[in-house]
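Q: Any chance you could fold what I've pasted below:
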Amino acid sequence: MITTDDEVLALAATVTDPEIPVLSIADLGILRNGRVAADGTVHVTITPTYSGCPAMDAIREDLAAVFARAGHERVEVDLVLSPAWTTDWMTEEGKAKLEQYGIAPPTGAAALAGSRPVRLGLTVKCPQCHSLNTREMSRFGSTSCKALYVCQDCKEPFDYFKVL
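A: Numbering: from 1, shown residues only. Down below sits the predicted model:
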């Protein structure tokens with residue numbers, strides 16, 4: 001049985017993102033908090049990468065399953081939308097895992113709170129050959145949080161995890 005908040009976070013961090021299975025929810029930065037209540041109920045707080053993320057239901061089920069295997073039947077998973085998730089919450093290890101998986105990781109810091117977004121041309125490094133000679137094919141890739149790019153040198157298409 002898990003008895004400390006640190007143990008809750010450690011076990012919750014073993015759950016992977018169903019859309020990018022090489023990333024844990026901790027790597028992705030969506031795991032916000034975890035604790036054990038006095039009555040033994042496990043509470044986990046997650047923030048979706050965007051409010052309509054379809055992976056949240058699967059992540060909730062995976063969290064319930066991992067804690068059930070650890071002897072906790074009462075698990076509450078809370079979705080918190082504020083503050084909104086940002087790619088700044090991703091771990092450096094998670095970004096490296098993305099690149100190894102063939103998805104270009106987000107680059108740069110997210111916009112500062114309260115500032116207006118400025119649209120700039122973006123050079124995205126190819127995760128296959130590391131060329132900067134790439135171009136965006138579609139603003140949306142396999143999921144809404146990714147864009148589809150193609151490398152002009154190795155000719156391989158790849159997803160780019162957008163900076164949010």
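
Q: Heading C-terminal from the biggest helix by length in the chain, find the next helix or strand.
A: Counting by DSSP state H, the longest helix found in the chain is helix 55-69. Next in sequence after helix 55-69, counting helices and strands by DSSP states H and E, comes strand 75-79.

Q: for that next one, packing partners?
A: strand 42-46, helix 55-69 (3 or more CB pairs under 8 Å, 6 or more residues apart in numbering; DSSP states H and E). In this view, the C-beta of every residue, glycine as well, is placed from N, C-alpha and C.

Q: hmm, 10 Å instead?
A: helix 5-12, strand 31-36, strand 42-46, helix 55-69 (3 or more CB pairs under 10 Å, 6 or more residues apart in numbering; DSSP states H and E).

Q: what does it rub up against?
A: 8, 12, 30, 32-34, 37, 41-48, 51, 53, 56-57, 59-68 (CB atoms under 10 Å, 6 or more residues apart in numbering).

Q: pLDDT score assigned to residue 114?
A: What the model reports as pLDDT for residue 114 is 47.

Q: again with the one 5 residues further on
A: Looking at residue 119, its pLDDT reads 55.

Q: how about the residue nearest to the spatial centre of the chain, what does it touch?
A: Residue closest to the mean C-alpha point of the chain, counted by CA atoms, centre = their mean, is residue 28 at 3.0 Å. By CB under 10 Å, 6+ apart, the contact set of residue 28 is 16-17, 19-20, 46-47, 49, 55, 59, 85, 87, 89-91, 94, 97-98, 145, 161.

Q: got a list of contacts for whatever helix or strand residue 149 lives in?
A: Using DSSP H and E, residue 149 falls within strand 146-151. Outside strand 146-151, the residues that touch it by CB under 10 Å, 6+ apart are 19-20, 49, 98, 103-104, 106, 122, 124-142, 156-162.

Q: cool, and stretch 33-45?
A: 1-13, 15, 25, 30-32, 46-47, 59-60, 63-64, 66-68, 70-80.

Q: just how off-centre is the strand holding residue 149 within its chain?
A: 18 Å (CA atoms, centre = their mean, to the nearest Å).

Q: What residues sit buried inside the very next helix or strand once past it?
A: Remark: after strand 146-151, the chain's next helix or strand is strand 157-161, criterion DSSP H and E. Within strand 157-161, the residues that count as buried by 16 or more other CB atoms under 10 Å are 158, 159, 160, 161.

Q: Kindly report the same for stretch 93-102.
A: 94, 95, 97, 98, 99.

Q: Could you verify my assumption that the second one touches residue 89?
A: To tie it back to what came earlier, the one meant is residue 95. No. Contact criterion CB atoms under 10 Å: residue 95 and residue 89 do not qualify, at 11.2 Å.
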